[in-house]
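Peer 1: following is a predicted model, sequence given first.
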Amino acid sequence: MEQRIGSSSQPLEGAGFDPAFIPGLTSPVSGEAEDAGPGDAGPEEAVEEADADEPTPTAEEPDDAGEEEAPDGPVFEASDRRAKFVADHQGVRLSLDDQACEFRWDEIGAIETETPRFGKRFTITVHTPDRRWYPIEIEAESRARFADWDEQLDAVMDKYFEDETPDSKEEEPEESD
């Protein structure tokens with residue numbers, strides 16, 4: 001009598017074990033790399049060749065096409081190991097870990113700051129006119145930084161933030177005798 005060691009069942013096939021079993025679920029595996037000759041270029045190589053044709057800027061010729069001359073004005077920047085808040089002439093930029101968002105000054109309804117009673121986390125919340133808010137907490141080295149950050153942020157907001165409604169003095173109607 002002959003006995004087998006191990007399982008007698010066949011391996012299963014299907015989407016639960018191989019995502020490529022369903023067409024279109026994953027990118028197709030191409031056998032072109034095996035069949036390609038020395039002169040044939042794959043899609044990755046074609047992209048690299050296209051990039052090689054374009055001249056790259058060197059240290060002597062900086063690429064100034066996307067850069068904008070920063071005007072002289074106040075800039076507020078606060079950051080810790082995870083979070084960063086920057087307010088300058090362009091607007092406000094928030095970043096936390098690998099996520100970031102940017103607001104122009106005309107997209108901002110209000111900016112609110114909050115200092116905790118205890119602890120060293122300074123909270124800045126950007127409010128938009130469509131009733132959305134974006135809070136970010138920044139851990140300060142000491143609580144003494146809170147007053148400095150408030151003053152710097154106020155200076156930036158006084159310079160760049162404009163209310164939608166113009167400051168108009170309400171004229172009282174004159175009473176006729």
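Peer 2: Arrived safely.
Peer 1: state the number of residues packed around residue 78.
Peer 2: 20 (other Cβ atoms under 10 Å). In short, each C-beta sits where N, CA and C put it, glycine included.
Peer 1: that one sits in which helix or strand?
Peer 2: strand 76-79 (DSSP states H and E).
Peer 1: for stretch 133-150, measure first residue to last.
Peer 2: When the termini of stretch 133-150 are compared using Cα to Cα, to the nearest Å, they are 19 Å apart.
Peer 1: before we move on, back to that, in the strand holding residue 78, what counts as buried?
Peer 2: For strand 76-79, a neighbour-count test (16 or more other Cβ atoms under 10 Å) marks 76, 78 as buried.
Peer 1: contacts for the helix or strand just after that strand, please.
Peer 2: Using DSSP H and E, the helix or strand that follows strand 76-79 towards the C-terminus is strand 83-87. Applying Cβ atoms under 8 Å, 6 or more residues apart in numbering, the set of residues contacting strand 83-87 from outside is 75-79, 92-96, 111, 124, 136-139, 153, 156-157, 160.
Peer 1: for the helix or strand following strand 83-87, packing partners?
Peer 2: Using DSSP H and E, the next helix or strand after strand 83-87 towards the C-terminus is strand 91-96. Here strand 91-96 touches strand 83-87, strand 99-104, strand 133-139, going by 3 or more Cβ pairs under 8 Å, 6 or more residues apart in numbering; DSSP states H and E.
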